Structure formats: C-alpha cells, structure tokens
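In: dropping the sequence and predicted coords here.
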Amino acid sequence: MAHYKVGNKNIELIIDEDLIAVRFKEPAKQSTRLAISKKCGLGNYRDRNEVPNEKFTILPVGPAAEPRSVRHKKTIKSLGREKEVARTSDVYKFGDKSVITTDRVLVGFKPGTKSIKGLLKKFKGTVIESLGKDEHVVQLPEDADPLKVASQLLKEKNVDYAEPDFVTIGSHVALRQTSTTNAAPLDPGESKQYAPKITKAVDAWQLQSGKPEIVIAILDEGVDVDHKDLATAINGTFDGVDNDTFQDPHPWDGHGTACAGLAAAIPDNNEGIRGIGGGCSIQAIRIAHSPQRGAKWVSRNSWVSRAIDWAWRNGASVLSNSWGGGAPSSAIFNAFERARTEGRNGKGCVIVAAAGNHSGEVLYPANLPSLLAVSASNEFDEFKTTTSSDGEDWWGSCFGPEVDLAAPGVHNFTTDISEDGGYTNTDYTDFNGTSSATPIVAGAAALVLSANNDLNEREVRKILKDTADKVGSEPYVDGRNDQFGHGRLNVLAAVRKAQPPSTSTSDDYLTVHKVIKKVPIKDMETGRVSVAVGDTKISRDIKVHLDIKHSYVGDLSVNLLPPANSSELPVTLHDGEGGDQDDLVMTYDVNNTPDLRRFVGKNLQGNWMLEVADNADDDEGEIRSLSLELKY
C-alpha cells in the first residue's frame, strides 16, 4: 500500500480502484484520448473529470468479470504502454473526497540548508514557489512519481519533510430544495435565522457588538465582495489559486459567500441578515474553485498553505475553514502553527474547522489538536444525522474524540452571490453542513475577541468549549461526548466569560437547553415536547421559558416532568389561568413558581418533558418552544 509521512506518522493511501488519473502528452487530441481510453479498458469517456490547472483527466475503470483490484492494475499497465500517455496516477480516497498526485512536491528543509538547488537537481526538481522560510513548492518532470521522489528526499539529512502537493477533488453537501426569496424591516432577514436565537447570540449582541479590528478570514471558494450585506465589512482579499490579491469567485461558487454571511454579515443596515460576528471585518480568501456549474471543486495543498500564511500576516484574528477531507500535509500544518503562534502579534489566530459531513470520523484538518473542530446540530438541538428531525436525510455530521463543540448546521439562512449567481437567483440562500456550523463558531470567536482582545487563542478556544450548552441525548463523560464535543455553542455565555472582570455581568456558569418544535395541541388531547440536559453539575437556579400558541389559554394545564431517574414530582406551571387570553409566552422561575425550588441543588441531567393538556373543545394551538435555563 502506498504511503507518505507527515511528521513521524505514516499516512496510508487507500486506492479508489474504480478510477484512474491519466496525464496525456500534449497536444494529444480528444479523439486520440478517446481511442486510448477504449483500447485500455477504461469506462465511458464522457464520465471523465478534467482536473483544472493540472493536465490530468480522471477516468472510470471499465467493467470486467474480474476483481476490481485486478482490472485496475491491468488498466494501468495497459495505459503505461501507450506512447501518448505521459503518466498514470492512482486516485486515493480520503473520507468523501478524492485525491491525486501530479508533478509537484512540497519540501521543508532544515534551517540553514544552503545546497537546496544542488540537492533538488538529483531529482530534476526546480523550486517554483517559497511557502515558509525553509519550505518550497518543487516542480518535477511530468513523468516523475511524486510519492517516490518524496520518499527519496526524506533520506537526505537536510530535508525536514517531503510530500506530494496533493490535489483534492470534492463535492459540497446538497442544499434543501426550496424557493428562497430576497429578504425584503434593521436586518429584515434576521427573522429567518434561528441559529442566533438558539445560541443566544441575539442576547450576546446586547452586551457586545463586533469590532472592525477583529478580522475573520474566510478560506473557501472566494466571497462576493460586492454583496450589499458584506461589502463594507471586507478588509482584504487574496486568491490562493492565482497567488494574487484579487479574488473573485466563479458565479456558481457560492459556498464562501454563504460562509461569510453567517460569520459577519453587516448588522443594522436594513439589509438581509446579521452574522454572528456582525461588526467584525472579513478577509475574502479563495483556496478552491470548480470549473463549471455542477462540477466538483478542486484545491491544492500549496494553495491552502499560502492562503493561511497570507491571512495571519495580513491581520486575521480568526481563520474559518469550511473545507477538509484531503490528504494531511506538513506544509498546511506548519502554516496553521505559524498562524496560531505568530498571528495577532503572538497572541495567535483562533482556527476553526469543519468536522465533515459523511457521518464518519472527523476529517483533516479538523482532527488537528490545535484547531477548534466543529460538528453540526439542528434547530431541535439534536446531533445532525440522517435520521434527525430536520428532514435532511442525505447527510450527517462527522463525529469523534476530536470534536470540540457543535453549532447549527441545517437550514441556515445566509448570503448568496448577488443576483443570479450562487445557489439561488436571489441574494440569499438556505445553507447547511458543518460548512455552515463552522463560520457560526468563527463569528462567535470574533465576538469573544471583540469583548476582550487580550485573550490568546488557547483562551478563546477554552471559553467557547467551557460555556457550550450540554444538549443532545448522549451523556457527557468528563464534560464532553463525541457528537457535540463540549456542547452546542452558547454565544452569550462565551461573551460573558470573555469580558474582563471589571465589566463582567456574572461569574455564574449558565447553560440554556432549548427545543424549537411545532407540536400540535388538539382539543381534549395532550401535546408533549422533550429537551435533554447533559450537564451533571449541581444547579444553583432554574428558569423555564415557554412559547405556546393558543386562542384560549384558560383551556390549558401545563406540567414540567423531570427526568425519569429523578425522585422529584412534576411541577405545574399553568392550570387554567388566563381565560380567553391568546398565547402563553412566559418565564417561570423560583419566585413566581416556588415548586421549581425543588430542582435547585440537584443534578438535573436527563430528558425533561413538557406536557400541555387542552381540557376543552373549540380552541386549539401548538407548542412553539421550550427552554430550560440552568445556572451552576
């Protein structure tokens, strides 16, 4: 099995035996390429994927009545005999992404190495770009095998690392097919955003607005810098693909623009939406692109490395990475470490990364210990799976011991490329995936730094984890689980904890467990909704927030049932009061509902149930939300 090294670790490469990457000699005509494909046992030539900027074509291996590994090897051997084929390459699988090697390697030399040119000459290599101080992109002949060259380079005493400049090809999570209209009165589209409510960002904004000196770098497919909800927030631009400061996403590449809106769409401008870190600035950075609408996106490890370095060197405070799944890289790791240790004048950039969307293990680079790995939850505070209640049954969040915290990752209303570009023919779109959860956390990190820019990046990561709400059905062991990490993001609690002691409003540890779900309340029936509490701490206070729509609240009795393993009895919150009053929107605490005192000083972990009984005919309604606010 092929492999390469990152640090002291061998990275095994899993071959996709259904695909082969072929580099034809220039200028081989398409008719010649088609003929070779048929002759050598490849599949339908129309199913090819031309990898932009690389002169490689990924082709399917044709069907045959033999094991896949056999037909794969036979096809490669056959292609190797063709004079019009410069080189073939295996296609490797990393999670749900495909990776190929081309004609470049990334090489890091030990400090003080002076014979770089002579050393590379042995391998017919030429430096075409410098990354870090002693790190370079090296061009090889078109028929060279980068894996073999990297392995040979590692035997040289002055070489710190050597690896192929891997090219990653991937697809984004499909969006929900809905008609999205322009938000048409401060940020009119804010009402469509549930994430700021469930994470209590709406309350955090009353304490702290984003500051423009705090800069969020969006490393993605580029950002529409002329969007009316982003334009004045743009602080700088860089194109890692073209290696210049002009970036402009293809009209169909809307992913980065959607991320930018969730992180820091402009607040209070009578347009669209508000980003979690609204008021902070945005760096628009392109590290990937797709060649045409509907095609897979493509990126190189060297593009990513140069973009990371540009971001922190040009003032980024937070790096938002809604990408992943390619081959691990020493070059990328070193660039992240420079950002984390040298950025913000030594206080370090906060680096946030998406866990992935294939219901498996956490993808690279989110699995790096120094990054903040983000999984996805939904509007019901469930972990996002193919069976969670949000209706998006085609994807699930990745999970594992690397997850630090979760944030909403479905049905996030955000910015889209203006006019008829991007995902819709409007300026806003529905957005999903851990790609959408990540900029929400990045925006929260920026808001934390707006509250206290003296914090270093480790302190920001700790605050976000320590203040997360323990939601979901899985128990938390030593404060975390593999789905939510340390919990679902709580922006209010994080901002409160970040505030310097002189301005902090509270030293209490506050969590909010909320479910937003429309549950019918029918005549002479009982509606029920549950919310999970994962924290095992001893409570100091409890508040219950209800939002019930009903045309005659005098018909209702409302009871809160503690977890089944509790010895406490249910508490009656409402029992027919209010007569013909509409709706029951109320906060119950130990003062107006003394029976709630029974839960103070107790471990409240478990599933809580709200029962709403309609005791008469004629009037009906629905439970809209239930929140338990717990103080420890």
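Out: Everything's here; your move.
In: packing partners for the helix or strand harbouring residue 69?
Out: In this assignment (DSSP states H and E), residue 69 forms part of helix 68-80. Helix 68-80 makes packing contacts with strand 14-24, strand 85-94 when contacts are defined by 3 or more CB pairs under 8 Å, 6 or more residues apart in numbering; DSSP states H and E. Where C-beta positions appear, they are placed from N, C-alpha and C, glycine not excepted.
In: so for residue 330, which of those sits nearest?
Out: Proximity of the helices and strands packed on helix 68-80 to residue 330 was assessed by CB to CB; the nearest stretch is strand 85-94, lying at 15.9 Å.
In: so after the closest one, what's the next helix or strand?
Out: Later in the chain than strand 85-94, the nearest helix or strand by DSSP H and E is strand 97-100.
In: let me see the mean pLDDT of that following strand.
Out: Averaged over strand 97-100, pLDDT sits at 95.
In: direction included, what does it pair up with?
Out: With DSSP bridges as the criterion, the sheet partners recorded for strand 97-100 are strand 85-94 (antiparallel), strand 167-170 (antiparallel).
In: to residue 44, which of those strands lies closest?
Out: Between residue 44 and the strands paired with strand 97-100, the shortest separation by CB to CB is 16.4 Å, and it involves strand 85-94.
In: the inter-axis angle of the closest one versus strand 14-24?
Out: Calculated by axes from the mean of the first three to the mean of the last three CA atoms, to 10 degrees, strand 85-94 forms an angle of 150 degrees with strand 14-24.
In: relative to helix 68-80, how tilted is strand 85-94?
Out: Between the axes of strand 85-94 and helix 68-80, defined by the same axes, to 10 degrees, the angle is 150 degrees.
In: and strand 85-94, average pLDDT?
Out: Taken as a whole, strand 85-94 carries a mean pLDDT of 95.
In: now do stretch 331-342
Out: Averaging pLDDT residue by residue across stretch 331-342 gives 97.
In: ok, and what's touching it?
Out: Under the criterion CB atoms under 8 Å, 6 or more residues apart in numbering, residues 6-7, 106, 108, 131-132, 135, 161, 163, 301-302, 304-306, 308-309, 311-312, 316, 319, 348-349, 351, 365, 368, 370-371, 457 lie in contact with stretch 331-342.
In: which of the strands paired with strand 97-100 is buried the deepest?
Out: Most buried of the strands paired with strand 97-100, by mean neighbour count (mean count of other CB atoms under 10 Å): strand 167-170, with a mean of 24.
In: give me the distance from that one to the chain's centre.
Out: 17 Å (CA atoms, centre = their mean, to the nearest Å).
In: what pLDDT does the closest residue to residue 26 other than its chain neighbours get?
Out: Using CB to CB, 6 or more residues apart in numbering and skipping residues adjacent in sequence, the residue nearest residue 26 is residue 55, 7.3 Å away. Residue 55 carries a pLDDT score of 90 in this model.
In: list the contacts of residue 55.
Out: So, once contact is read as CB under 8 Å, 6+ apart, residue 55 ends up touching 23, 24, 26, 102, 142.
In: please identify which pair of those residues lies farthest apart.
Out: Spatial extent of those (CB to CB) is set by the pair 26 and 102 at 14.4 Å.
In: ok, back up a step: let me know the average pLDDT across the helix holding residue 69.
Out: Taken as a whole, helix 68-80 has an average pLDDT of 94.
In: flag every buried residue along it.
Out: With burial defined by 16 or more other CB atoms under 10 Å, the residues of helix 68-80 counted as buried are 71, 72, 75, 76, 78, 79.
In: any idea how far the closest residue to the second one other than its chain neighbours is from residue 96?
Out: So that's residue 72. Once its chain neighbours are removed from consideration, residue 72 has its nearest residue in residue 17; the separation is 4.2 Å (CB to CB, 6+ apart). In this structure, residue 17 and residue 96 are separated by 17 Å, where distance is defined by CB to CB, to the nearest Å.
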